[in-house]
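S.K.: Predicted model, plus sequence, below.
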Amino acid sequence: MQQQSYMCVTAHFLDTDWKLHKRIIGFFLISCRNGEDIGKDIERCLVYWGLEKVLSITADDASANDGTISYMKMVMNNAKTSIAEGQYFHMRCATHVINLLVSDFLRELDIPVQRVRAAVRFIRNSPSRITQFKRCADLEKVDSKAFLPLDVCTKWNSTYLMLKTAATYEKVFDRYGDDDPYFATELNSEEEPGVPEAADWEYARKIPEFLEPFYNLTVRVSAYNRCTSRIFFHEIADVYILLREWCESTDALRKEMAERMIAKYNKYWGDHESFNILIFVAVALDPRYKLSDYTRFATSEMFGEIKGEEVWKKMSETLDDLFKEYGKMYASSEKKEMESDVVQGMSLMRSLIAKRM
């Protein structure tokens, strides 16, 4: 079976009426996963659409993407179309970072997840099994509108939904196993992980409880019909505070999960020197917050008093630098327009005076 790699390029932009748009501007086969070659593909896509100015590119944490970003920064700097010389060009995908936080934890609980997945797959593989399972659910008086979604192994949010739903049917699975001998026979075969045990169902109930905040966060930051950059600051701050609370938990599983996640968190969002400061600048541009005591307090809570003050000052300096660059780009043209308006106004006044005379 031939495996080929494709790339999708999506543009997000505001029109003259400040309406947010999302458009797929490229979907094509890539022959090489080398960062520079991928960058050239993106360059050709931008040239085709006549796009010169790009504030940032959002990509996941694949190593090739670092080379892609470096190449694009070089191209745009040479063409003098970059903003702030590409300092804020690389925006790490927030949902990908969340995926990395969660995936490590799920790998540690792989066997319980595999057993529940196998049980769900067994039921869904046959219409007659589904019908019989629903009869068992009626007898157990399970009142649930959701019915056993099967997850995609590489997408943790689908695993979250599967476990959350399957846990409500624990007694139904037990009853079904008593009625259908093939259930235990097939799941206990060499190819399968086994029938879910009591401990597996306990994990199936606890895991969704832990993952729900991250699932809700993913839904909120993945919205495409409204601007989400202004909420990143609040969301990642809430995640950090939550993980810090869990590190003090008496629940061993919760504490272990938090310690693993917070290590990943610090890699991507804990180092104020390496993350994209635009995540924090966006909240300063929100008229409800600005560079207020709230943002100062929040950065202090996230990074500690000393580093928090450094981040807050970096936010202020970045805003100042961007405003100066904006001034360089547009002030001269606006000044010319104003001078032209003054000249036209003076000319009109002279003509009116001449007519009256």
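M.R.: Looks like it came in fine.
S.K.: Could you pull out the helices in the chain for me?
M.R.: 35-49, 63-78, 94-108, 110-124, 127-139, 156-167, 170-179, 181-187, 198-221, 229-247, 252-268, 278-285, 293-303, 305-356 (DSSP state H).
S.K.: Just the angle for the second one relative to helix 35-49, thanks.
M.R.: So that's helix 63-78. Angle between the axes of helix 63-78 and helix 35-49 is 50 degrees (criterion: axes from the mean of the first three to the mean of the last three Cα atoms, to 10 degrees).
S.K.: Tell me how far stretch 219-236 lies from the chain's centre.
M.R.: 8 Å (Cα atoms, centre = their mean, to the nearest Å).
S.K.: Show me what the mean pLDDT comes to for stretch 114-126.
M.R.: The pLDDT scores in stretch 114-126 average 95.
S.K.: how about low-confidence regions in the protein?
M.R.: Judged by pLDDT under 70, the chain has its weakly predicted residues at 1-2, 332-357.
S.K.: how's it carved up into domains?
M.R.: Domain assignment for the chain, taken from automatic domain parsing, gives 5-92, 103-214, 239-312.
S.K.: need the helices of the chain in TSV with mean neighbour count and distance to residue 149, can you?
M.R.: Bear in mind the C-beta positions are built from the backbone N, C-alpha and C, glycine included. Below are those laid out as TSV (neighbours: other Cβ atoms under 10 Å; distance: least, Cβ to Cβ, whole Å):
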stretch	mean neighbour count	distance to residue 149
helix 35-49	17	34
helix 63-78	17	31
helix 94-108	18	16
helix 110-124	20	8
helix 127-139	15	13
helix 156-167	21	5
helix 170-179	18	15
helix 181-187	14	19
helix 198-221	17	12
helix 229-247	18	25
helix 252-268	17	23
helix 278-285	20	32
helix 293-303	17	35
helix 305-356	12	40
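S.K.: which other residues reach stretch 196-206?
M.R.: For stretch 196-206, the external contacting residues (Cβ atoms under 8 Å, 6 or more residues apart in numbering) are 109, 111-113, 115-116, 119, 163, 166-167, 170, 173, 253.
S.K.: brain fart, stretch 17-27
M.R.: Residues outside stretch 17-27 that contact it (Cβ under 8 Å, 6+ apart) are 6-15, 41-42, 45, 48-49, 51, 224-227.
S.K.: Go ahead and measure how far stretch 304-315 is from the middle of the chain.
M.R.: With Cα atoms, centre = their mean, you get 24 Å for stretch 304-315.
S.K.: With just CA atoms, put it into CSV.
M.R.: Extracted C-alpha coordinates of stretch 304-315, given in CSV (Å, rounded to 0.1, in the frame of the first residue of the first chain):
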residue,chain,number,x,y,z
GLY,A,304,6.1,33.3,39.5
GLU,A,305,6.6,36.8,40.6
ILE,A,306,10.0,37.5,38.9
LYS,A,307,9.4,35.8,35.6
GLY,A,308,5.8,36.9,35.6
GLU,A,309,7.0,40.5,35.7
GLU,A,310,9.4,39.8,32.8
VAL,A,311,6.5,38.4,30.7
TRP,A,312,4.3,41.4,31.5
LYS,A,313,7.1,43.8,30.5
LYS,A,314,7.7,41.8,27.3
MET,A,315,4.0,42.1,26.5
